[in-house]
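>>> sequence first, then the predicted structure:
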Amino acid sequence: MNDTLGHAAGDTLIATIGHRLGTWAAAHGGIAARLGGDEFGAALLLPGTNTVREVVALRALLSQPVDHAGQALRPAVSIGVACAADLPDAATASRLLRGADMAMYRVKTGEQPCGYVATRQDAYAPTTHGRRPGRPGTHRATAG
């Protein structure tokens, strides 16, 4: 968004998506937080389990157009899900985030459908510099 329509459009998109995420998380008894990175990333911490239907509904909500200065911005949304209950031996924040990131990537590339839930293999996927292989920054050599 920033590169094609400017930083004001990107700021509008981030603020709107953040508001939508926060409202949705609160309605489901959870919290939302933005994660840093080269793309807009967020994490939702929700109690209990969530159905595929809820994830699909969240994606539809976040994908709705955002108005910026009379122009409709159309966000592309990919969601990865990791459930602590499904990964009892991997239920650390780092492993859950890694699993969710891998699940999101599998959805984004079309390997899995929206609503795919991370497996143990996803949570223990190898990383390069703490990132999923193939992401920007993973090509850099380590100092040492």
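Sure thing, it's come through.

>>> burial measure for the nearest residue to V52 once chain neighbours are set aside, as a count.
Spatial nearest neighbour of V52, excluding adjacent residues (CB to CB, 6 or more residues apart in numbering): G115 at 3.4 Å. (Glycine included, C-beta is placed from N, CA and C.) The tally of other residues near G115 (other CB atoms under 10 Å) stands at 19.

>>> and G115, how far from R20?
Distance from G115 to R20, counting by CB to CB, to the nearest Å: 18 Å.

>>> try L96
Look at L96 and R20: by CB to CB, they are 22 Å apart.

>>> who has more neighbours out of the two?
Applying other CB under 10 Å to L96 and R20 shows that L96 carries more neighbours, namely 21 against 18.

>>> skipping its backbone neighbours, what lies nearest the more buried one in space?
That would be A82: by CB to CB, 6+ apart, it lies 4.6 Å from L96.

>>> what does A8 give?
In space, and not counting its chain neighbours, A8 is closest to H68: 7.3 Å by CB to CB, 6+ apart.

>>> I figured the one you found hits A15, correct?
No - applying CB atoms under 8 Å as the test, H68 and A15 come out as separate, 10.1 Å apart.

>>> quick one, which of the two is more surrounded?
The neighbour comparison of H68 against A15 (other CB under 10 Å) goes to H68, with 18 against 11.

>>> mind listing what's buried in the helix or strand containing G10?
Using DSSP states H and E, G10 sits within helix 7-27. By neighbour count on 16 or more other CB atoms under 10 Å, the buried set for helix 7-27 is 9-10, 12-14, 16-17, 20-22, 24-25.

>>> okay, that helix in PDB with CA atoms only?
Extracted in PDB, the C-alpha atoms of helix 7-27 (Å, rounded to 0.1, in the frame of the first residue of the first chain):
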ATOM      1  CA  HIS A   7       1.900   6.200   3.600                       C
ATOM      2  CA  ALA A   8      -1.400   7.900   4.400                       C
ATOM      3  CA  ALA A   9      -3.300   5.000   2.600                       C
ATOM      4  CA  GLY A  10      -1.100   2.500   4.500                       C
ATOM      5  CA  ASP A  11      -1.800   4.200   7.800                       C
ATOM      6  CA  THR A  12      -5.600   4.200   7.100                       C
ATOM      7  CA  LEU A  13      -5.400   0.500   6.200                       C
ATOM      8  CA  ILE A  14      -3.400  -0.500   9.400                       C
ATOM      9  CA  ALA A  15      -5.700   1.600  11.700                       C
ATOM     10  CA  THR A  16      -8.900   0.100  10.200                       C
ATOM     11  CA  ILE A  17      -7.600  -3.500  10.200                       C
ATOM     12  CA  GLY A  18      -6.400  -3.000  13.700                       C
ATOM     13  CA  HIS A  19      -9.800  -1.800  14.800                       C
ATOM     14  CA  ARG A  20     -11.500  -4.700  13.100                       C
ATOM     15  CA  LEU A  21      -9.200  -7.200  14.700                       C
ATOM     16  CA  GLY A  22      -9.500  -5.600  18.200                       C
ATOM     17  CA  THR A  23     -13.300  -5.500  18.000                       C
ATOM     18  CA  TRP A  24     -13.500  -9.100  16.800                       C
ATOM     19  CA  ALA A  25     -11.100 -10.400  19.400                       C
ATOM     20  CA  ALA A  26     -12.900  -8.600  22.200                       C
ATOM     21  CA  ALA A  27     -16.200 -10.100  21.000                       C
END
